[in-house]
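K.L.:
sharing a sequence plus its predicted fold:
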Amino acid sequence: MATKPRQKILILDFGAQYNQLIARRVRDARVYSEVVPYNISPAELKKVKPRGLIFSGGPASIKRKDSPFPDPEIFELGIPILGICYGMQLMGSMLDGKVSGTRKAEYGKTELTVDDTSNLFEGLNPNLICWMSHGDKVTKLPPGFEKLAHTRSSKIAAMGDTERRFYGVQFHPEVVHTPWGIDIIKNFLYDVCDCKPSWTPENFVDLAISDIRRVVGKRRVICGLSGGVDSSVVAALVHMAVKKQLTCIFVDHGFMRKGEMEQVRDTFEDHFNMNLVCVDASDRFFRKLKGVRDPERKRKIVGEEFIRVFEEEASKIGKIDFLAQGTLYPDVIESESHTGATKVKIKSHHNVGGLPEKMHLKLIEPLRFIFKDEVRHVAGQVGLPPHIVYRQPFPGPGLSIRIIGECNRERVKILQEADAIVLDEIYKAGLSRDVWQYFAVLPLIRSVGVMGDERTYEYPIVVRAVTSEDAMTCDWARLPYKVLEKISNRVVNEVNGVNMCLLDIKSKPPGTIEWE
Ligand code: XMP
């Protein structure tokens with residue numbers, strides 16, 4: 001089960017690296033959108049009744065037979081279409097215009113001159129900067145189309161058939177380098193497709209609650225609560241819908257940050273009055289991890305043991321029918337590659353995968369079609385406190401993958417104390433919303449120092465702070481020297497076992513955000 005509104009736009013995925021961004025822009029215009037495979041059948045489209053279609057760009061060339069083509073009947077359904085880059089070339093070629101390869105690819109920021117300021121370009125300046133990335137281009141308009149804009153090297157940089165409501169743009173309106181691109185998208189959505197800007201967090205909450213009520217009825221739901229924003233929003237929505245039919249389970253594997261279990265109790269037990277089971281399973285995890293140093297083995301062990309504990313606790317609750325979880329739309333898009341691309345595994349991520357089938361549970365995933373920043377809006381809407389709404393991402397295996405080498409209670413304690421200082425100082429400096437993730441890492445080296453008149457031989461703490469949009473790439477955060485100085489002083493003075501503070505200044509790629 002996943003919550004979706006009735007009025008929607010479908011984005012046909014022709015393999016562009018920007019298709020998620022198109023979905024995001026449409027959502028920014030407050031219209032619900034989904035990315036679907038490019039070969040979606042006309043029958044399916046008739047069933048779904050989207051208000052409009054957007055053909056994404058893609059790396060393929062229209063000239064090749066093995067390139068992705070949609071079913072030609074798609075043009076007979078009376079649904080408005082906006083084709084972007086490859087999407088425009090598809091229209092050019094499939095609707096009997098002409099597409100040619102250019103000798104010189106057009107790439108990057110380009111000046112665009114608008115020839116027709118009605119329709120798609122209504123309200124826009126006729127001289128604009130846009131972002132191009134293409135080899136092929138439409139060189140002859142298909143019958144029924146008119147030219148809407150040109151650049152120096154593309155005579156037809158935008159085209160439209162107002163009768164059939166088909167539009168094509170050679171540039172990318174979804175990227176930030178086309179700053180007015182959102183206006184084009186809005187014109188398409190509101191004027192061409194007659195959509196209303198009604199996709200708001202308030203509407204989403206009402207819709208999600210009624211969906212959950214309808215699906216769950218009188219049955220019971222469990223939810224794994226980690227204290228992160230996604231699972232917290234899911235728990236809050238399900239609780240608003242079916243109250244005490246929901247039980248949340250919080251597993252403390254021993255690698256949580258300082259004070260985390262208490263925060264979860266305060267919020268969900270005291271404030272929301274939810275059924276909450278908190279399990280301190282740390283002994284089991286420490287036993288399993290004894291002597292284990294390999295990062296992947298650590299991740300596997302923590303992931304598997306987590307599922308075991310969760311399962312045991314769930315079985316004590318009695319008969320359950322549903323598992324609620326916080327899968328987000330980017331995870332769905334990532335795992336459903338529409339063009340068959342494969343990915344190399346860098347790290348095994350930890351979640352409760354495998355549980356639903358094993359326990360015969362049906363899934364409730366109310367966030368399956370929304371993005372992270374939308375989740376934060378919804379979190380505010382359902383009354384979660386700011387420290388949860390803006391909580392930085394925290395990996396499932398927790399501090400176990402930020403302790404290099406073996407994890408034992410002593411080393412976890414050192415890291416928890418140091419990490420709390422990093423968090424505190426960055427928060428106090430007012431930087432917590434600018435930095436994507438910030439935390440401490442405990443490496444497996446020691447060095448000699450002197451404190452008072454005593455020789456020390458202790459661990460350093462590494463400060464890792466990164467800026468990022470989506471965790472796919474990151475840069476190291478340029479923290480002010482004053483903040484670094486404060487962190488360094490405090491960790492060395494206040495944390496037993498630490499005599500040095502280091503700063504990690506790598507980006508991703510080539511690094512990753514976490515150390516293991
Ligand atoms: P990396 O280290 O791959 O991390 O650059 C990217 C993002 O993913 C988070 N991360 C995890 N999140 N379970 C999670 O839920 C995991 O096992 C896991 N490992 C890494 C990491 O904190 C960063 O935000």
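P.N.:
Right, received. Where do you want to start?

K.L.:
shaky segments in this structure?
P.N.:
Low-confidence segments of the chain, defined by pLDDT under 70, span residues 1-3, 103-104, 334-347, 350-354.

K.L.:
biggest strand in it by residues?
P.N.:
The longest strand of the chain (DSSP state E) is strand 98-114.

K.L.:
centroid-wise, who is the farthest residue in this structure?
P.N.:
Most distant from the centre of the chain: residue 453, at 51.0 Å, with distances by CA atoms, centre = their mean.

K.L.:
for that one, give its distance to the ligand.
P.N.:
Distance from residue 453 to the ligand, counting by CB to the nearest ligand atom, to the nearest Å: 41 Å. Glycine gets a C-beta too; all of them are placed from N, C-alpha and C.

K.L.:
quick check, residue 179 in contact with residue 129.
P.N.:
Yes - Residue 179 lies in contact with residue 129 (CB atoms under 8 Å); the separation is 7.3 Å.

K.L.:
which elements pack onto the host helix or strand of residue 11?
P.N.:
Here residue 11 sits within strand 8-13, counting by DSSP states H and E. Using 3 or more CB pairs under 8 Å, 6 or more residues apart in numbering; DSSP states H and E, the elements in contact with strand 8-13 are helix 19-28, strand 32-37, helix 42-48, strand 52-55.

K.L.:
10 Å instead?
P.N.:
Secondary-structure packing of strand 8-13 (3 or more CB pairs under 10 Å, 6 or more residues apart in numbering; DSSP states H and E): helix 19-28, strand 32-37, helix 42-48, strand 52-55, strand 81-84, helix 86-94.

K.L.:
strand partners (parallel or antiparallel) of it?
P.N.:
Neighbouring strands of strand 8-13 in its sheet, by DSSP bridges, are strand 32-37 (parallel), strand 52-55 (parallel).

K.L.:
and that strand, what's buried?
P.N.:
Using 16 or more other CB atoms under 10 Å as the burial criterion, the residues of strand 8-13 that qualify are 8, 9, 10, 11, 12, 13.

K.L.:
how close does the residue nearest to the third one when sequence neighbours are not counted sit to residue 5?
P.N.:
In space, not counting the residues next to it along the chain, residue 10 is nearest to residue 50; the distance is 4.4 Å by CB to CB, 6 or more residues apart in numbering. If you measure residue 50 against residue 5 using CB to CB, to the nearest Å, the figure is 12 Å.

K.L.:
coming back round to it: please work out which of the helices and strands packed on strand 8-13 is packed deepest.
P.N.:
Each of the helices and strands packed on strand 8-13 was scored by mean neighbour count; the highest is strand 81-84, a mean of 28, by mean count of other CB atoms under 10 Å.

K.L.:
partner strands of it and their direction?
P.N.:
Paired neighbours of strand 81-84 in the sheet (DSSP bridges): strand 52-55 (parallel), strand 166-169 (parallel).

K.L.:
among the ones you listed, which is nearest the ligand?
P.N.:
Closest approach to the ligand among these (CB to the nearest ligand atom): strand 52-55, 28.4 Å.

K.L.:
distance from the chain centre to that closest one, please.
P.N.:
Put simply, strand 52-55 sits 22 Å off its chain's centre (CA atoms, centre = their mean, to the nearest Å).

K.L.:
what does stretch 305-313 give?
P.N.:
Distance of stretch 305-313 from the chain centroid (CA atoms, centre = their mean) equals 26 Å.

K.L.:
just stretch 362-376 next, same as before
P.N.:
The chain centre lies 10 Å from the centre of stretch 362-376; the measure is CA atoms, centre = their mean.

K.L.:
do it and the ligand meet?
P.N.:
No - Stretch 362-376 lies apart from the ligand when judged by CB under 6 Å from any ligand atom; the minimum separation is 10.6 Å.

K.L.:
mind putting the strands paired with strand 8-13 in a markdown table, distance to residue 413 included?
P.N.:
Output for the strands paired with strand 8-13, formatted as a markdown table (distance: least, CB to CB, whole Å):
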| stretch | distance to residue 413 |
| --- | --- |
| strand 32-37 | 45 |
| strand 52-55 | 52 |
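
K.L.:
dump those strands to TSV, plus distance to the ligand.
P.N.:
Converted to TSV, the strands paired with strand 8-13 look like this (distance: least, CB to the nearest ligand atom, whole Å):
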stretch	distance to the ligand
strand 32-37	21
strand 52-55	28
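
K.L.:
nearest residue to the middle of this structure?
P.N.:
The centroid of the chain falls nearest to residue 330 when counting by CA atoms, centre = their mean (4.5 Å).

K.L.:
look up phi and psi at that one.
P.N.:
Main-chain dihedrals, residue 330, degrees, to the nearest 10: phi -60, psi -30.

K.L.:
tell me the contacts of residue 479?
P.N.:
Taking CB atoms under 10 Å, 6 or more residues apart in numbering, we find residue 479 in contact with 422, 425, 426, 429, 431, 434, 435, 438, 463, 465, 487, 503.

K.L.:
if we go to 8 Å?
P.N.:
Going by CB atoms under 8 Å, 6 or more residues apart in numbering, residue 479 touches 426, 431, 435, 463, 465, 503.

K.L.:
and it, its phi and psi?
P.N.:
Torsion angles, degrees, to the nearest 10, at residue 479: phi -70, psi 140.

K.L.:
next one: residue 249
P.N.:
The phi/psi pair for residue 249 (degrees, to the nearest 10) reads phi -120, psi 120.

K.L.:
list the contacts of it.
P.N.:
The contact partners of residue 249, by CB under 8 Å, 6+ apart, come to 222, 223, 224, 225, 276, 277, 279, 310, 313, 314.

K.L.:
please list the members of the residues you listed that lie in strands.
P.N.:
Of the contacts of residue 249, the ones assigned to strands by DSSP E are 222, 223, 224, 276, 277, 279.

K.L.:
done for today, thanks.
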